[in-house]
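A.B. asks: how does the following fold in three dimensions:
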Amino acid sequence: MRRRWPLTPRGSGALVLAIACFALAGELGTVELLYVGCLLLAVLLIGMIALRLGSRLDRAVRSLHPNVVPVGQSAHVRIDTTLRAAMPVTAARWSDRLPAAVTGESKGALDLAAARTGAGRESVVRYEATAQRRGIHSLGPFAVQISDPFGLTRRSHTGGEPTRLIAVPATIPLPAIPLSVSESGGVQQSASDRLGQGTDNLIARPYAPGDSMRRIHWRATAHRDQLMVRQEEQDSTPAATVLIDLSARRWDAAARSAPGEAEAFEAALSACVSIVLRLAHDGCVVHVCDSDGRPLCEPVPGADAAAEIEAMLVRFATLTTRRDDTLTGVASLFTGDTTGPVAVITGYLDDADAVALAPAAHHSTLPVLLSAHPQAGALDRARDAGWHTAAIGPDTDLAEVWTGLADHGNRHVVA
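C.D. replies: Residues are numbered from 1 along each chain as shown. All right, here's what the predicted structure looks like:
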């Protein structure tokens, strides 16, 4: 919005008219034209000096709500400004610089009528900023252009610190999957354990036919000389794992250069965070990892964990691919263990990858495999091994895909 030429179209016309008056005054010998030309120049100079020396933008404070938004959604932008001017300001226009990845109506006329009068005019501007691409984007600086009372001269002021808008992968509502202890591979934990007490402090009662032998309280049995069992019921914390394969070999080269550049990779990240949110809403503690087992964020311990969910989304705002290819080692992460839902999201997938992933399906109550670039027959081979599979992409209806997977969510493939 900053311009080198300090005159408005009206001021430029006045300057041309002043020059014409001087020229005609010499040709025609008319002194009045000389006076008119001098008057026009004087008005222009006074306006320029007043704007140059007596006007400034004292304050421009930008706030975003929220400052973390999924791609395709908008943040409310509010900018509180204080403008000072030595002369009355009859017109002012504002603009807020937006990066290419953010769109919005970030310019307009400053409402001076609503501004408070005094040494500084305070006003508020608002607009919507829509994130078009994943990443961390800077909004600003803010600029305001004012003109003198005659509308002949103008000057631009910039101010305010840039503000970060964090664009995270798009989140898609997915249907719920009913979970129970048997379906989710929960980690059982007694109430006494959660309070830091050992099993020796558990309240015991006499054994009754039908009680599980695993609940026998051996110390109480020895003390009472009869079989005693733990009295309280066991709670369960359902556990789930979502792995997103960040191996560069699996994705387009653009996925390594910068966030938001590869459509298939963006679709996979969107699927990942959407599945995490769905499983968290279903009551799971969700572990989010790379295909090498490295955690990408803190576990999300349920739908009410707003801080952990936001931290995960912010982490995903800047994810790019890495060099090492570790998809074939996923099965080793679950060796000797049985867990709840496991979702593996990858790009390129061939028959050899499907064979390498096959053992992992036997360690999950709901093994899900999503691929953005599956080769012919790869998903079929993985499905034969026990995975619930689907191809995903920028145009895929993820909710429909998830519904199809959920229909078979209770099937547990036994090794």
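A.B. asks: packing partners of the helix or strand residue 315 falls within?
C.D. replies: Using DSSP states H and E, residue 315 maps to helix 306-316. Here helix 306-316 touches strand 68-70, strand 163-168, helix 263-281, going by 3 or more Cβ pairs under 8 Å, 6 or more residues apart in numbering; DSSP states H and E. Placement of C-beta: from N, CA and C, glycine included.
A.B. asks: okay, buried residues for stretch 138-145 please.
C.D. replies: Residues 139-145 are the ones in stretch 138-145 that count as buried (16 or more other Cβ atoms under 10 Å).
A.B. asks: ok, so of those, who is nearest residue 306?
C.D. replies: Closest to residue 306 out of the buried residues of stretch 138-145 is residue 139 (23.9 Å), distances taken as Cβ to Cβ.
A.B. asks: my guess is the closest one meets residue 161, correct?
C.D. replies: No: Residue 139 is beyond contact range of residue 161, at 10.1 Å (criterion: Cβ atoms under 8 Å).
A.B. asks: TSV for the helices and strands packed on helix 306-316, including mean pLDDT and mean neighbour count?
C.D. replies: Shown next, in TSV, are those (pLDDT from 0 to 100; neighbours: other Cβ atoms under 10 Å):
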stretch	mean pLDDT	mean neighbour count
strand 68-70	98	19
strand 163-168	98	22
helix 263-281	97	23
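A.B. asks: let me know which of these is the nearest to residue 342.
C.D. replies: helix 263-281 (10.4 Å).
A.B. asks: after the closest one comes which helix or strand?
C.D. replies: With DSSP H and E, the next secondary element past helix 263-281 is strand 285-290.
A.B. asks: which neighbours do residue 139 and residue 161 share?
C.D. replies: Residues touching both residue 139 and residue 161 by Cβ atoms under 8 Å, 6 or more residues apart in numbering: residue 62.
A.B. asks: which stretches of this structure have low pLDDT?
C.D. replies: Low-confidence segments of the chain (pLDDT under 70): 1-4, 90, 112-119, 177-203, 209-212, 214, 231-237, 406-415.
A.B. asks: what about the strands in the stretch 101-250 of the chain?
C.D. replies: Taking DSSP state E, counting those that start in this stretch as the test, the strands found in the stretch 101-250 of the chain are 102-103, 107-109, 121-131, 135-139, 142-147, 154-159, 163-168, 187-189, 204-206, 228-230, 235-237, 239-244.
A.B. asks: what's the angle from the last one to strand 285-290?
C.D. replies: Interaxial angle, strand 239-244 versus strand 285-290 (axes from the mean of the first three to the mean of the last three Cα atoms, to 10 degrees): 20 degrees.
A.B. asks: would you mark the buried spots in the helix or strand just after strand 239-244?
C.D. replies: Going down the chain from strand 239-244, the next helix or strand is helix 254-257, by DSSP H and E. Within helix 254-257, the residues scored as buried using 16+ other Cβ under 10 Å are 255-256.
A.B. asks: helix 254-257: how far from the chain's middle?
C.D. replies: Computed by Cα atoms, centre = their mean, to the nearest Å, the chain-centroid distance of helix 254-257 equals 18 Å.
A.B. asks: who are the packing partners of that helix?
C.D. replies: For helix 254-257, the packing partners by 3+ Cβ pairs under 8 Å, 6+ apart are helix 263-281.
A.B. asks: the closest residue to residue 84 other than its chain neighbours: neighbour count?
C.D. replies: Nearest residue to residue 84 in three dimensions, chain neighbours excluded: residue 120, at 4.8 Å (Cβ to Cβ, 6 or more residues apart in numbering). Counted with other Cβ atoms under 10 Å, the neighbours of residue 120 add up to 16.
A.B. asks: hey, which of the strands of the stretch 101-250 of the chain is tucked in deepest?
C.D. replies: strand 239-244 (a mean of 25; mean count of other Cβ atoms under 10 Å).
A.B. asks: run through who's touching that one.
C.D. replies: Outside strand 239-244, the residues within contact range by Cβ under 8 Å, 6+ apart are 184-187, 268-269, 272, 275-276, 279, 284-291, 296, 319, 330, 339-346.
A.B. asks: try it again at 6 Å.
C.D. replies: Residues from elsewhere that reach strand 239-244 (Cβ atoms under 6 Å, 6 or more residues apart in numbering): 185, 187, 272, 275-276, 279, 284-289, 291, 339-345.
A.B. asks: ok, now which ones touch residue 101?
C.D. replies: Contacts of residue 101 by Cβ under 6 Å, 6+ apart are 132-133, 137.
A.B. asks: reformat those residues as a markdown table; add distance to residue 240.
C.D. replies: Below are the contacts of residue 101 laid out as a markdown table (distance: Cβ to Cβ, whole Å):
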| residue | distance to residue 240 |
| --- | --- |
| 132 | 31 |
| 133 | 29 |
| 137 | 32 |
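A.B. asks: the helices and strands packed on helix 306-316: which one's closest to residue 93?
C.D. replies: Per Cβ to Cβ, nearest to residue 93 of these: strand 163-168, 20.5 Å.
A.B. asks: between that closest one and strand 142-147, how many degrees?
C.D. replies: Going by the same axes, to 10 degrees, strand 163-168 makes 130 degrees with strand 142-147.
A.B. asks: who does strand 163-168 pair up with?
C.D. replies: Strand 163-168 has these partner strands in its sheet, going by DSSP bridges: strand 68-70 (parallel), strand 135-139 (antiparallel).
A.B. asks: reformat those strands as TSV; add distance to residue 61.
C.D. replies: Listed next are the strands paired with strand 163-168 as TSV, based on distance: least, Cβ to Cβ, whole Å:
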stretch	distance to residue 61
strand 68-70	19
strand 135-139	12
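A.B. asks: helix or strand for residue 41, which one?
C.D. replies: helix 31-54.
A.B. asks: that helix versus strand 154-159: what angle between them?
C.D. replies: Computed by the same axes, to 10 degrees, the angle separating helix 31-54 from strand 154-159 equals 0 degrees.
A.B. asks: just the CA atoms of helix 31-54, as PDB, please.
C.D. replies: Extracted in PDB, the C-alpha atoms of helix 31-54 (Å, rounded to 0.1, in the frame of the first residue of the first chain):
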ATOM      1  CA  VAL A  31      -1.800  37.800 -13.400                       C
ATOM      2  CA  GLU A  32      -4.900  36.100 -11.900                       C
ATOM      3  CA  LEU A  33      -3.800  32.800 -13.400                       C
ATOM      4  CA  LEU A  34      -0.500  33.100 -11.700                       C
ATOM      5  CA  TYR A  35      -2.300  33.600  -8.400                       C
ATOM      6  CA  VAL A  36      -4.400  30.500  -9.000                       C
ATOM      7  CA  GLY A  37      -1.400  28.400  -9.800                       C
ATOM      8  CA  CYS A  38       0.400  29.600  -6.600                       C
ATOM      9  CA  LEU A  39      -2.700  28.900  -4.500                       C
ATOM     10  CA  LEU A  40      -3.000  25.400  -5.900                       C
ATOM     11  CA  LEU A  41       0.700  24.700  -5.200                       C
ATOM     12  CA  ALA A  42       0.400  26.100  -1.700                       C
ATOM     13  CA  VAL A  43      -2.500  23.800  -0.900                       C
ATOM     14  CA  LEU A  44      -0.600  20.800  -2.200                       C
ATOM     15  CA  LEU A  45       2.500  21.700  -0.200                       C
ATOM     16  CA  ILE A  46       0.600  22.300   3.000                       C
ATOM     17  CA  GLY A  47      -1.200  19.000   2.700                       C
ATOM     18  CA  MET A  48       2.000  17.100   2.000                       C
ATOM     19  CA  ILE A  49       3.900  18.800   4.900                       C
ATOM     20  CA  ALA A  50       1.000  18.200   7.300                       C
ATOM     21  CA  LEU A  51       0.800  14.500   6.400                       C
ATOM     22  CA  ARG A  52       4.500  14.100   6.500                       C
ATOM     23  CA  LEU A  53       5.100  15.800   9.900                       C
ATOM     24  CA  GLY A  54       1.900  15.500  11.700                       C
END
